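Engineer: Take this sequence and fold it.
(one chain, ligands or ions: 1)
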Amino acid sequence: MEIKPEAIRQLKSSGMTLQEIGDLLGITKSEIHLIYHSESIESRRDRLNEYASKHYHEHSKEINKRYVEYKKEYARKHVLMVNGKTTVVNKRPRPNDTCELCSRVVDRLHYHHWDDGNPHLGVWVCSSCHKLCESVESGLHTKYLELKDAIIYDN
Ligand SMILES: [Zn+2]
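Structural biologist: Numbering: from 1, shown residues only. Modelled structure (predicted):
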């Protein structure tokens, strides 16, 4: 399988640097650079493509696994739903599987943001705490406290 400039362009548009693409495909950054800009240097491109495709075949499963992991990690760090739309932001550093509110260690942390104008500002929380955050944002917790006070006052 030939590594085409288009494939590198796609990886690059997913947020990978040429260095990371090189690491992924097991070839140097300058070789990636050459493939990426290779239309003008065809013979060199053919030689490098041959090398890269051979290498790709040898390690395609590993490359695919690493690419899937890379995409997953990239999404964790940068992809957020804002108003039902997928947005790319720089989230705060993620604590190791530990909810920033209740300190429970969980399989999946959610990034709760409260301001669509500044979606990068958020907290890493478990799903229970995420629901709590949402009810605080909607004012439901205040309504609960008021209701509780009213009931206590009436009795
Ligand atoms: Zn929690």
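Engineer: quick one, phi psi at the spatially most central residue of the chain?
Structural biologist: Centroid-nearest residue in the chain, with Cα atoms, centre = their mean: Ala75, separated by 1.5 Å. Here the main-chain torsion angles of Ala75 (degrees, to the nearest 10) amount to phi -60, psi -40.
Engineer: residues touching it, list them.
Structural biologist: By Cβ atoms under 8 Å, 6 or more residues apart in numbering, Ala75 lies in contact with nothing. To be clear about C-beta, it is placed using only N, CA and C from the backbone, and glycine gets the same treatment.
Engineer: next one: Leu80
Structural biologist: Applying Cβ under 8 Å, 6+ apart to Leu80 gives the contacts Thr86, Thr87, Val88, Val89, Lys91, Tyr111, His113, Pro119, Gly122.
Engineer: Check the burial of Leu25 by counting its neighbours.
Structural biologist: By the measure other Cβ atoms under 10 Å, the count of residues near Leu25 is 23.
Engineer: Give me the phi and psi angles of it.
Structural biologist: phi -90, psi 0.
Engineer: Give me the contact list for the worst-scoring helix or strand of the chain on mean pLDDT.
Structural biologist: Using mean pLDDT, DSSP states H and E, the weakest-scoring helix or strand in the chain turns out to be helix 29-36, at a mean of 77. Contacts of helix 29-36 from elsewhere in the structure, counted by Cβ under 8 Å, 6+ apart, are 3-5, 8-9, 12, 18-19, 21-22, 25, 41, 44-45, 48-49, 51-52.
Engineer: Please identify the helix or strand for Asn118.
Structural biologist: Under the criterion DSSP states H and E, no helix or strand holds Asn118.
Engineer: Tell me, how many residues neighbour it?
Structural biologist: Asn118 has 10 neighbours, counted by other Cβ under 10 Å.
Engineer: For Tyr111, which non-adjacent residue is closest in space?
Structural biologist: Excluding its sequence neighbours, the residue lying closest to Tyr111 (Cβ to Cβ, 6 or more residues apart in numbering) is Gly122, at 4.8 Å.
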